[in-house]
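Enquirer: Predicted model and sequence follow; I will ask about them next.
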Amino acid sequence: DGGITQSPKYLFRKEGQNVTLSCEQNLNHDAMYWYRQDPGQGLRLIYYSQIVNDFQKGDIAEGYSVSREKKESFPLTVTSAQKNPTAFYLCASSISYRGADTQYFGPGTRLTVL
Amino acid sequence: SQQGEEDPQALSIQEGENATMNCSYKTSINNLQWYRQNSGRGLVHLILIRSNEREKHSGRLRVTLDTSKKSSSLLITASRAADTASYFCATEGAQKLVFGQGTRLTINP
């Protein structure tokens, strides 16, 4: 099956810890994205990658880091510098990086800071 | 930066009725997309309408676009309980896809 997967589904973190969220796609898409969603809210862009070995900050990049060493993978690290990390995190991909390209989403990871 | 704004924020209707959601945006666009999100899940792309199109259909979905008013509407006809979800419009802003805050649709049996 082609698609985009995220793991884990639920993640709990103690304050002061870094955690890494996994995102993998087998759609052969060049572009990948990370969004944050808070309850009852829309999506806010954290980071995006137009192509392997390249990534750019989105609207709320502070306290987060990413890497794009492989086309298929775009992991997101939530660092201890992120003041309010409890949220639902969504990864997406698109064929190419054009703002209007259709994006395909993973099932999400719900992060809770204890 | 918020490009698309959905209205209403929440909508509750009876099964079988039609549901209409609206999206307004600020700047010129090349196209507008609608996505659906079931509770606790990822978004699913529903339909894309280009700036030179006025109306587009996909099954029970009908999307209209009025570029002069910078607005779009999503109509779901003959609603079903399974249509219960949040619906988001997305527009291109600063070379990025920008999502609105969504309309939460509840279909009551």
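Expert: Okay, I see it. Being a predicted model, the structure only gives us computed values, none of them experimental.
Enquirer: Next, name the residue at the spatial heart of chain A.
Expert: Nearest residue to the geometric centre of chain A (Cα atoms, centre = their mean): residue A:34, 2.8 Å.
Enquirer: okay, now residue A:108: neighbour count?
Expert: Residues near residue A:108, counting by other Cβ atoms under 10 Å in any protein chain shown, number 22. For the C-beta atoms, the positions are set from N, CA and C on the backbone; glycine is no exception.
Enquirer: An error on my part: the question was meant for residue A:70.
Expert: Neighbours around residue A:70, by other Cβ under 10 Å: 11.
Enquirer: quick one: it from residue B:56, how far?
Expert: Using Cβ to Cβ, to the nearest Å, one obtains 36 Å as the distance from residue A:70 to residue B:56.
Enquirer: what's the answer for residue A:84, then?
Expert: Going from residue A:84 to residue B:56 by Cβ to Cβ gives 39 Å.
Enquirer: swap in residue B:67?
Expert: Residue B:67 is 14 Å from residue B:56, by Cβ to Cβ.
Enquirer: do the same with residue A:10
Expert: Distance, residue A:10 to residue B:56, by Cβ to Cβ: 37 Å.
Enquirer: Please identify which of those two sits among more neighbours.
Expert: Between residue A:10 and residue B:56, counting by other Cβ under 10 Å, residue B:56 is the more crowded of the two (15 against 9).
Enquirer: For the more buried one, list the residues it contacts.
Expert: Residues near residue B:56 by Cβ atoms under 8 Å, 6 or more residues apart in numbering or on different chains: B:47, B:48, B:49, B:62, B:63, B:65.
Enquirer: Under a three-state scheme, what state does it occupy?
Expert: strand (DSSP: H, G, I helix; E, B strand; the rest coil).
Enquirer: Repeat that for residue A:68.
Expert: coil.
Enquirer: ok now do it, which residues does it touch?
Expert: A:32, A:49, A:51, A:52, A:53, A:54, A:55, A:74.
Enquirer: State the phi and psi torsions of it.
Expert: phi -140, psi 70 (degrees, to the nearest 10).
Enquirer: Can you give me the distance of it to residue A:108?
Expert: 20 Å.
Enquirer: same question, residue B:107
Expert: From residue B:107 across to residue A:108, the span is 23 Å (Cβ to Cβ).
Enquirer: ditto for residue A:4
Expert: Distance, residue A:4 to residue A:108, by Cβ to Cβ: 11 Å.
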